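Novice: just coords:
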């Protein structure tokens with residue numbers, strides 16, 4: 001047991017030295033793109049109008065590990081990748097899904113497990129005893145995410161191949177718009193990240209009922225330009241430290257995200273060390 005403890009301490013010190021060395025090549029401040037409309041990951045606290053959420057806390061903690069500041073730059077979701085490419089920002093830390101199609105421009109330091117979740121109004125829950133009841137229904141989701149394709153893939157596998165009508169995917173201007181259309185009875189159900197639904201229910205008086213379980217598994221990651229390997233390595237090392245010293249777990253608990261933790265830092269969906 002003592003040898004195990006000593007080994008753990010030695011490993012932590014080794015990681016700390018490595019991260020410190022890598023941090024020397026990191027600019028100060030790190031400029032991070034964020035779209036504050038995706039609680040509990042990022043949003044504006046209505047009482048202070050300041051940025052809040054898990055991603056904000058995580059970014060501040062990572063910067064502290066690297067001995068630098070983080071500067072948040074609000075933008076639109078569809079402008080974030082361009083902002084990295086043109087060097088207006090250094091990273092994207094805004095609940096972005098690590099998709100293979102995005103890896104031509106970005107390296108992702110993955111920090112949480114995510115996935116799409118069907119849901120409807122609690123008053124309509126009886127209409128959807130299972131996910132099969134979604135076949136032929138109008139389902140809304142943000143057109144700027146991977147969720148429209150995820151719904152279509154699920155529909156082909158579980159509706160069309162079973163001889164049932166396909167789900168009708170309705171693209172919306174973000175998750176808030178999908179919820180609005182749901183309340184207006186313009187759609188039957190909606191999809192957003194399953195990790196975000198409990199928080200949304202906590203502020204909307206438990207208005208929504210999940211339909212089944214999350215139907216795909218993905219990671220959200222910090223997006224870094226592929227030609228900035230020093231920064232992605234430094235962030236991965238800093239995240240390793242946050243996981244090792246328990247700060248990561250505390251932040252997850254604060255935002256009710258413990259079930260979505262990663263056990264080790266992943267880069268582009270793979271363990272690197």
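Specialist: Looks like it came in fine. Given the structure is predicted, the values throughout are model-derived calculations rather than measurements.
Novice: make it CA atoms for all contacts and neighbour counts henceforth
Specialist: Noted.
Novice: which parts of the protein are helices?
Specialist: 2-23, 54-66, 80-85, 147-158, 175-183, 197-203, 229-244, 247-254 (DSSP state H).
Novice: name whatever forms a beta bridge with residue 44.
Specialist: residue 51 (DSSP bridges).
Novice: residue 212 contacts residue 130, correct?
Specialist: Yes: Residue 212 lies in contact with residue 130 (C-alpha atoms under 8 Å); the separation is 6.1 Å.
Novice: mean pLDDT and mean neighbour count added to the helices of the chain, as a markdown table?
Specialist: Formatted as a markdown table, those follow (pLDDT from 0 to 100; neighbours: other C-alpha atoms under 10 Å):
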| stretch | mean pLDDT | mean neighbour count |
| --- | --- | --- |
| helix 2-23 | 46 | 14 |
| helix 54-66 | 98 | 21 |
| helix 80-85 | 96 | 19 |
| helix 147-158 | 97 | 18 |
| helix 175-183 | 95 | 19 |
| helix 197-203 | 91 | 15 |
| helix 229-244 | 97 | 22 |
| helix 247-254 | 97 | 17 |
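Novice: using a markdown table, lay out these together with distance to residue 39.
Specialist: Compiled in a markdown table, the helices of the chain are given as follows (distance: least, C-alpha to C-alpha, whole Å):
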| stretch | distance to residue 39 |
| --- | --- |
| helix 2-23 | 30 |
| helix 54-66 | 8 |
| helix 80-85 | 18 |
| helix 147-158 | 17 |
| helix 175-183 | 10 |
| helix 197-203 | 7 |
| helix 229-244 | 21 |
| helix 247-254 | 13 |
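Novice: ok, the closest residue to residue 118 other than its chain neighbours to residue 253 distance?
Specialist: Once flanking residues are discounted, residue 118 sits nearest to residue 191: 4.6 Å by C-alpha to C-alpha, 6 or more residues apart in numbering. Distance, residue 191 to residue 253, using C-alpha to C-alpha, to the nearest Å: 24 Å.
Novice: report the contact partners of the residue nearest to residue 118.
Specialist: When contacts are counted by C-alpha atoms under 8 Å, 6 or more residues apart in numbering, residue 191 is found next to 116, 117, 118, 119, 139, 140, 141, 147, 175.
Novice: quick one, which of the helices of the chain is nearest to residue 37?
Specialist: helix 175-183 (8.2 Å; C-alpha to C-alpha).
Novice: got the contact list for the closest one?
Specialist: With C-alpha under 8 Å, 6+ apart, helix 175-183 has contacts from 38, 120-121, 140-142, 172, 187-192.
Novice: now the end-to-end length of stretch 86-97.
Specialist: This stretch, stretch 86-97, spans 21 Å end to end (C-alpha to C-alpha).
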